[in-house]
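Novice: Requesting a structural model of the entry that follows:
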Amino acid sequence: MLGFPCNQFGAQEPGTDAEIAEFATSKYGVAFPMFSKIEVNGDGACDLYRWLTAALPKADGDPAVAWNFTKFLVGRDGTPLRRYEPMTTPEDIGVEVADLL
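Specialist: Numbering: from 1, shown residues only. From the prediction side, this is the model:
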């Protein structure tokens, strides 16, 4: 699991990278790598999210990320496999990940 903070959703991550990492670690026990803050939608979207959302749009065909905590499952070979909307927990995804191992 990798985390990419983004402040495009209700200004929920306005701090610096260090402040966001500290909050995620102390409040939620995040133990996975956290990257620098990025944009995931619009003209400023980073290349990674442009690629993921183009490969795996929402069920209605819209590629935009609707809210924080949207998740993407990527295979070991780099193939985008599945998109999960924000309410899906990592535990919910665990079975699919185990099947890939």
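Novice: burial count for Ala45?
Specialist: 20 (other Cβ atoms under 10 Å). Every residue, glycine included, has its C-beta placed from N, CA and C.
Novice: wait, Arg83
Specialist: Other residues within reach of Arg83, judged by other Cβ under 10 Å, total 19.
Novice: so which helix or strand takes in it?
Specialist: If you go by DSSP states H and E, Arg83 is part of strand 80-84.
Novice: Give me the angle between the helix or strand of the chain with the lowest mean pLDDT and strand 80-84.
Specialist: Ranked by mean pLDDT, DSSP states H and E, the helix or strand of the chain with the weakest confidence is helix 90-100, at a mean of 82. Orientation check (axes from the mean of the first three to the mean of the last three Cα atoms, to 10 degrees): helix 90-100 against strand 80-84 gives 160 degrees.
Novice: just how off-centre is helix 90-100 within its chain?
Specialist: 16 Å (Cα atoms, centre = their mean, to the nearest Å).
Novice: Any buried residues in it, and which?
Specialist: Residues of helix 90-100 include none that count as buried (16 or more other Cβ atoms under 10 Å).
Novice: Could you do stretch 27-37 as well?
Specialist: For stretch 27-37, by 16+ other Cβ under 10 Å, it's Val30, Met34, Lys37.
Novice: Identify, from the residues you listed, the entry nearest to Gly15.
Specialist: Nearest to Gly15 out of the buried residues of stretch 27-37 is Lys37 (Cβ to Cβ; 8.5 Å).
Novice: what's the spatially closest residue to Ile20 that is not a sequence neighbour in contact with, if anything?
Specialist: With sequence-adjacent residues excluded and distances taken as Cβ to Cβ, 6 or more residues apart in numbering, Ile20 is closest to Pro5, at 4.7 Å. Pro5 sits next to Glu13, Asp17, Ile20, Ala24, Met34, Phe35, Ser36, Lys37, Ile38 when contact means Cβ atoms under 8 Å, 6 or more residues apart in numbering.
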